[in-house]
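**Q** predicted model, plus sequence, below.
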Amino acid sequence: MDIVHERAAGMDISKRDAKVCIRIPGTRARTSSRTVATYGATTNEILRLRRDLEAAAVTVVVMEATGDYWKPFYFLLAESLNVQLVNAKAARNIPGRKSDVSDATWLAELAAHNLLRASFVPPEPIRQLRDLTRTRSNLTHERTREYSRLEKGLEDSSIKLSSVVSTLSTRSARSILDALVSGERDPQTLASLAHASMGRKSAALVEALTGRFTDHHAFMVQLHLDRIDQIEATLAALDTRIDMVMEPFSLARELLMTVPGISKNVANVIIAEAGVDMNVFDTAGHLASWAGVCPSQNESAGRIKSTQTQPGDHYLKAALGIAALAVSRSKTTYLAVKYRRIQVHAGALRAVVALQHTLLVIVWNMLHDGVAYDELGIDHYDKTNPERARKRLQRRMVALGFEPNLTPLSAGS
């Protein structure tokens, strides 16, 4: 194989240090020499490594790491060197004897022949936005878990509030819970605290609020409510900070929000995970593959073994899933029609994945070409293939017991 980088370095990074292999041309023609050294993970050690790599005149540095331990090395080395972060799965060595030193040597060899594909590392503003949106997502999940713990505590006290109200996060539920914590135990009085819209559920609410709520339960409920309030305050602070960091990308966010199903929070996640520069991804298909919302390719001897989606970016997939589910409940959009057409023969889960893929293709085209979303309408498929629509209507008429006699308007006039 051709050598693309005569001077290359491979790094296997851990929490405390990194094993670095520097591959340079040997003293004889068509040979190479390799030097392996260990560098600490502190800033001074990384700067020493950068000086050594610059002295060796390496043209590419390839690194792999567990978790986020690559970040100190990547950001400091990338200031003056060509650094590539690679997926450990793509750089897997031949099975057998394995060590950090052999991994670094193997990475240097692959880098010399340009056999590795660099992972996507967004620029600093997008990375800051990604930290904020991911923290918000994690806190949202934590808030949901707190409500689950709160519900378990109420079950222990025989208070069945969650079976009457839609969710414990409503204002009616919060008023009732605060009254329980304050010492109110009368079901009638507690039920009267509910919103007027729950008047028809008054009898069921009184029945659900009859239980054995003790001081211990009051303490635990207050504990969970305080945690929920803390999370809500943190989420509010995060939203303010996200809007501030999002300011340079506000036009892109407004553009994405014109797509059905994509809310403000979903648009924030899409920009934080994929960025706004779609030139990073060659095509919309590359973006969908990177995100993990397209079938995998695993074929051998002419037989397709698996087409399941790859892991991808689970934060982006979760946001696209929220958008897809929102679209699926619509009645007036092309995307909703597409979802129902796929659901009929492939099931709801595959229809959601297909819609996630379609949404990413739309996002790529909008951001890449700077165009607005074009709603095709619920009759798009009928306009594209009117003959197929006509046959479907005829079959439906026969099933209902009518004689199918569809005459075009031009012929009948």
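**A** Received it, and whenever you're ready, just let me know what you need. Numbers count the residues shown, from 1 in each chain.
**Q** longest helix anywhere in this structure?
**A** Criterion DSSP state H: the longest helix present in the chain is helix 124-156.
**Q** show me which residues of the helix or strand that comes right after it are buried.
**A** Once the chain leaves helix 124-156, the next helix or strand it forms, by DSSP states H and E, is helix 171-182. Neighbour-count burial for helix 171-182 flags 172, 173, 174, 176, 177, 179, 180, 181 (criterion: 16 or more other CB atoms under 10 Å). C-betas here are computed from N, CA, C, even on glycine.
**Q** so the fifth one is in contact with residue 223, correct?
**A** Translated: residue 177. No: counting by CB atoms under 8 Å, residue 223 is not a contact partner of residue 177; they are 11.9 Å apart.
**Q** picking that back up, next, the angle helix 171-182 makes with the longest helix of the chain.
**A** Interaxial angle of helix 124-156 relative to helix 171-182 (axes from the mean of the first three to the mean of the last three CA atoms, to 10 degrees): 60 degrees.
**Q** what mean pLDDT does helix 124-156 have?
**A** Throughout helix 124-156, pLDDT has a mean value of 95.
**Q** tell me how far that helix lies from the chain's centre.
**A** 14 Å (CA atoms, centre = their mean, to the nearest Å).
**Q** which neighbouring elements make contact with that helix?
**A** helix 215-245, helix 264-274, helix 314-328 (3 or more CB pairs under 8 Å, 6 or more residues apart in numbering; DSSP states H and E).
**Q** and among these, the most buried is which?
**A** helix 264-274 (a mean of 23; mean count of other CB atoms under 10 Å).
**Q** just the C-alphas of that helix, formatted as CSV.
**A** Taking Å, rounded to 0.1, in the frame of the first residue of the first chain, the C-alpha atoms of helix 264-274 are listed here in CSV:
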residue,chain,number,x,y,z
LYS,A,264,-37.1,25.1,19.6
ASN,A,265,-35.5,22.5,21.9
VAL,A,266,-35.2,19.9,19.0
ALA,A,267,-33.6,22.6,16.8
ASN,A,268,-31.1,23.4,19.5
VAL,A,269,-30.1,19.7,19.8
ILE,A,270,-29.7,19.3,16.0
ILE,A,271,-27.4,22.3,15.8
ALA,A,272,-25.5,21.3,18.9
GLU,A,273,-24.9,17.8,17.6
ALA,A,274,-24.4,18.2,13.9
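**Q** kindly provide the whole-number mean pLDDT of it.
**A** 96.
**Q** go on, stretch 320-329?
**A** Stretch 320-329 comes out at a mean pLDDT of 93.
**Q** just use 93 as the starting number from now, easier for me
**A** Let's use 93 as the start, then, which means that last one is stretch 412-421.
**Q** got a list of contacts for it?
**A** With CB atoms under 8 Å, 6 or more residues apart in numbering as the test, stretch 412-421 has contacts from 351-355, 358, 362, 383, 385, 425, 427-428, 431-432, 435, 443-444, 447-448, 451-452.
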